[in-house]
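Visitor: Okay, here's the prediction I keep looking at, along with the sequence it came from:
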Amino acid sequence: MILKNSGLKSKALMLALTALPVAAFGYTALQPAPIAAQSLSASAAQAQPGQIVAMRRISESQYRHIIADVFGPDIRVAGRFEPIVRPVHELISSGASDAAISPAGIEQFDAIARVIASHVFDEKHRSQFTPCAPLDATKADDACAGGTLAPLGRYLFRRPLTPSEQAFFTGLAGRAATRSGSFAKGLELSLAAMLVSPNFLYVIERAEADPASPGSLRLDNYSRASRLSFMLWNTTPNEALLHAAEIGALTDQAKLSTVAESMVKSPRFEQGLRAFFSDMLLFEKFDELAKDPVVYPYFNQEVAAALPEQTLRTITDHLLVQNGDYRQLFTTNRTFMTRVLGPVYQVPVSKSKGWVDYQFSPKDDRAGLLGQAGFLALYSHSGRSSPTLRGRAIREVLMCQPVPNPPGNVNFTAVQDTANKAMPTARIRLSEHATDPTCSGCHRITDPAGLSLERFDGIGAFRATENDTPINIAGSMDGSDFFGGAGLGKALADSPSTPMCVASRAFEFATGRPSENAALIEALTKSFGSNGYGIRSLFLQVAIMPEAWRVRASKPVIESQVSFADLRAKNP
Amino acid sequence: MAYDLSRRTALKGMLNGAGVVVGVPLLNAFLDGNGEALAATGGAAGGAPMPVRFGTWFWGLGVNPTRWFPSKTGPNYDLKPELEPIKAFQSKISVLGNFSVPLDGAPNLPHGSGGPAIRTGRALTAERGLPGESFDVTIADLIGSRSRFSSLEMSSTGDARNSLSGRGGGNLNPSEVSAAGLYQRVFGLGFQDPNSGTFTPDPVTMARRSVLSGVSEQRQSLLAAVGTEDKQKLDQYFTSIRQLENQLDVQLTKPEPLQACNVPRKIPELPVNAEIENVMRNHEFMTDMLVMALACDQTRVFNMMFNNGASSLTRIGSTITHHQLTHEEVLDNRLGYQPEATYFLTRIMEAWVYFVGALDKVKEGNRTLLDNTLVLAHSETEFAKFHTIDNIPMMLAGTAGGRVKSGIYVDGIGTPVSRVGLTIQQAMGVPVDRWGTKSMETNRTITEIMA
């Protein structure tokens, strides 16, 4: 192996060198060491992996961020991703803890991996990722292949490769180089193998003995680095975090706090927050959002794509740039506009491209997230608004209060007749529902809140009347009465359920499981409140609370057991 | 294990440029040796054995029961107005009615409980994926390993999550959502035309194959450290890897010529959404692709979702969806049903007839592709307005190469719907004599339909 330089070229590992200035951590212990040398030595120490306590499949957005961070944004990620199923009333992040990968899913991951690997080691890019030159470009060179693959493996598996992994991937590259007569082809195949490995596609959390409490387990350092990174930045741990893990800083409470604090202050926290709110607010629904083109000619795919972006911009601006109180997300009249949304909101947008600040006037009655077309359109039918769907989303998504489904074998005799001229507005039609005792129980929970938003139609555009009848926007929730979107926003901001809901979701997002410990969530909410309901303080708190790092030991598998699935895997 | 080694050795030989037809024939010989797989493949008397296929065809929101279910059991059943569209294929379609879905106290999750009960023989207890392995997967494990894809899943409404196929829990086989995507997957890169005279194993495929063997070798180190919950996920992962390896093995094997295989032309991307005319068109194109995927033996198992359970089908100019119509449209007193909601059912039956007809058009020896296939069509409710899940409408088309009788109406007289899954698995050669859990556990084959 001929070393060209001691580390890697600066662009090679974007993540390590440009994503987060290491100095932001504030102490020199986290300075990166020369990568290749360091990971080889670390892998020797990492011979015995600990018990696996969780496996969470990476999401599409995490996959894309990882590839951009490790290989640079010009490496294409082309293909469809197997969706992770959302468990009802939970986050997709919890679904990721249950997610298997189907044959079709592997096929897709394999196809995506091959495209990435072929770009990384094509003539244009390979020098960025190869710290050495092979003795002969048409032959295998184990030393140079190993030196190339070790640092990449460390970023992709989020820990140093074990000696046997190192030998395996180097060997694979060598055999493929010999067969194809190309050193670069060998690296390409080996990288493709890493990208379909379960060690890459799953974030694997391992436990180790806790020296502070003999007999119990704690999450090990590298697992902590991954969790912090995916929770706060929605991507793979960077060089500084991996180094912190290597020196054992992340099991040290004081050092963990310093690291987490710098991470929530980093601009990269916005990426994590976007992932969190996209998950909490069920933004996957935008993928399937369709409106009837006859009823809503202003709605099209460009509008559908701009709606979640408007909401995310509002959220990140309010919570990060303004450092605002989470509860005011439901009362603020500040937002952002882009040209395609102009017709929906009936406002002129001066810039032809990009986004501009925008402030609604109080008479627009568009308060916070609930006044945005994204929420209003998502929780509507394809051709009309729905106070029930909106009310239900407020309860379930924003207040974490699950509303029961309509009962199964029940007769919906209190039907609505949309063509009936005697019932021109949703309020009148829904009052029919409320007279049936089997329906009224739940509709009383959802409809009075949703009805206050009835001046916004099925795509969130303003209207004063429905079927030529003026719309009454009186609403109520949990005993307080109000008018319109502004009244609803204030009621939501005042409800103790609102901050508690986001606090419990943050915990769930971090751990991949909803918390079953009410006292814990209450304490978390309390600390959230005493920090002015700032989102950074909430995520910092979750990142450093010992309860979030607690390991739920699962039963180890006895190896001699042969399950049915085993047999199938061997004898299909 | 011995088989595994010989196969790897064989591949190694191949990768060094030696033999061509290795790997898969060994596997076939091995499987046929235990008899079950051979039985499943059946075969037309006198000619080369034709593969037997299995698939499902799902539609959401049931029927108007009195206008759909026959009154007369057995052959030559009567066709009520909503079943009338199948007339031309009545002799090839059986209707199954009056089977129950006992939930043993689990809630009837509207539009959620019925489909999984039919596919898994279990009650859905929480909306967290499937309550167990769906039997199409069990069948694919048995008959799907000789074809390139163990199964193909499709959804005509454009939602990849719309699927009732999987191994349970967080494992759901996602659906292909566009005909162009389906074309690419089946007939794009990696497709070997069985009727082209020449065959050269693709060196790229060989190289990929070696990559996957490597991935499989990581299995032991992970399994050694994993707990029970994650073990299941890992098993499923490695089973998926194994199926991808198999897919590549098939690509590295010279395919047998197949007379019925006509490689379709590439089709452009079309709008994919829940608007009924788009759905009809997407379904037709996907069906045409699937039929050729079957005729070219690229897969032997499939799952087609025409729409979703709580159907989001819409019609241009209508303010509400099919699902809302079933709940909110008034029952027309004169007609006795909901005309707007029923419009969608009419289109669904039209699509089903297209599907059956497309399979029946392809000749395979003395039979048709439909004859060599068994398709279970079913919904997730009986009457959507009330979310009833007993008496969910079901149909069986084709005879699985003569193993199943067709053209009869079977009255289940209230016995559990799991009998349908049990019977189909037995017809396809799965060695199972008891299936389902709790009140849906059954060992009672539907003898009326077994040939």
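Guide: Happy to help now that I have it.

Visitor: For stretch A:504-511, give me every contacting residue.
Guide: Under the criterion Cβ atoms under 8 Å, 6 or more residues apart in numbering or on different chains, residues A:90-91, A:93-94, A:227, A:231, A:276, A:279-280, A:400, A:514-515, A:520-521, A:524, A:538-539, A:542-543, A:548 lie in contact with stretch A:504-511. C-beta coordinates here come from the backbone N, C-alpha and C atoms, glycine included.

Visitor: again, but for stretch A:464-475
Guide: Contacts with stretch A:464-475, where a contact means Cβ under 8 Å, 6+ apart, come from A:365, A:421, A:424-427, A:448-455, A:463, A:481-485, A:487-488, A:491.

Visitor: Where do the domain boundaries of chain A fall?
Guide: Taking automatic domain parsing as the criterion, chain A consists of the domains A:2-23+A:37-266, A:273-494.

Visitor: next one: the last one to chain centre, how far?
Guide: It stands for domain A:273-494. Mean-position distance between domain A:273-494 and its chain equals 23 Å (Cα atoms, centre = their mean, to the nearest Å).

Visitor: can you list the weak-confidence ranges in chain B?
Guide: Across chain B, residues meeting the criterion (pLDDT under 70) sit at B:1-49, B:127-128.

Visitor: What segments of chain A are strands?
Guide: Ranges of strands in chain A, per DSSP state E, are A:2-3, A:51-57, A:132-133, A:202-209, A:217-219, A:334-338, A:355-359, A:465-466, A:469-470, A:474-477, A:480-483.

Visitor: Run through the strands of chain B in chain order.
Guide: For chain B, applying DSSP E gives strands covering B:53-58, B:74-75, B:93-97, B:152-155, B:301-305, B:363-364, B:367-368, B:373-378, B:394-397, B:408-411.

Visitor: What pairs with the second one, parallel or antiparallel?
Guide: Looking at strand B:74-75 with DSSP bridges, its paired strands and their directions are strand B:408-411 (antiparallel).

Visitor: what residues does the partner strand touch?
Guide: Contacts to strand B:408-411, defined as Cβ under 8 Å, 6+ apart, come from residues B:70, B:72-75, B:77, B:94-98, B:446, B:448-449.

Visitor: repeat that with 6 Å
Guide: Residues outside strand B:408-411 that contact it (Cβ atoms under 6 Å, 6 or more residues apart in numbering or on different chains) are B:Pro70, B:Thr73, B:Gly74, B:Pro75, B:Tyr77, B:Ser94, B:Val95, B:Leu96, B:Gly97, B:Asn98, B:Glu448.

Visitor: Who are the contact partners of the residue nearest to A:Leu451 when sequence neighbours are not counted?
Guide: Take A:Leu451 and drop its neighbours on the chain: the residue closest to it by Cβ to Cβ, 6 or more residues apart in numbering or on different chains is A:Pro387, 4.5 Å away. For A:Pro387, the contact set (Cβ under 6 Å, 6+ apart) comprises A:Ala426, A:Asp447, A:Gly450, A:Leu451.

Visitor: If we use 10 Å, what do you get?
Guide: The neighbourhood of A:Pro387, defined by Cβ atoms under 10 Å, 6 or more residues apart in numbering or on different chains, consists of A:379-380, A:425-427, A:429-430, A:443, A:446-454, A:475.

Visitor: Report the beta-bridge partner residues of the residue lying closest to B:Leu290 once chain neighbours are set aside.
Guide: Distances taken as Cβ to Cβ, 6+ apart put B:Phe302 closest to B:Leu290, at 5.8 Å, once the chain neighbours are dropped. Taking DSSP bridges, one obtains B:Gly55, B:Leu152 as the residues bridged to B:Phe302.

Visitor: how much space between B:Phe302 and B:Thr373?
Guide: Between B:Phe302 and B:Thr373 the distance is 9 Å, computed by Cβ to Cβ, to the nearest Å.

Visitor: A:Val77 now?
Guide: Spatial separation of A:Val77 from B:Thr373 under the definition Cβ to Cβ is 37 Å.

Visitor: follow-up on the earlier one: for PyMOL, what selects the buried ones among the contacts of stretch A:464-475?
Guide: Per 16 or more other Cβ atoms under 10 Å in any protein chain shown, the buried members of those correspond to this PyMOL selection:
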select buried, chain A and resi 365+424+425+426+427+448+449+450+451+452+453+454+455+482+484+485+487+488+491
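
Visitor: Among the contacts of stretch A:464-475, which lie within helices?
Guide: If you go by DSSP state H, these have A:Ala426, A:Arg427, A:Pro448, A:Ala449, A:Gly450, A:Gly484, A:Gly485, A:Gly487, A:Leu488, A:Ala491 in helices.
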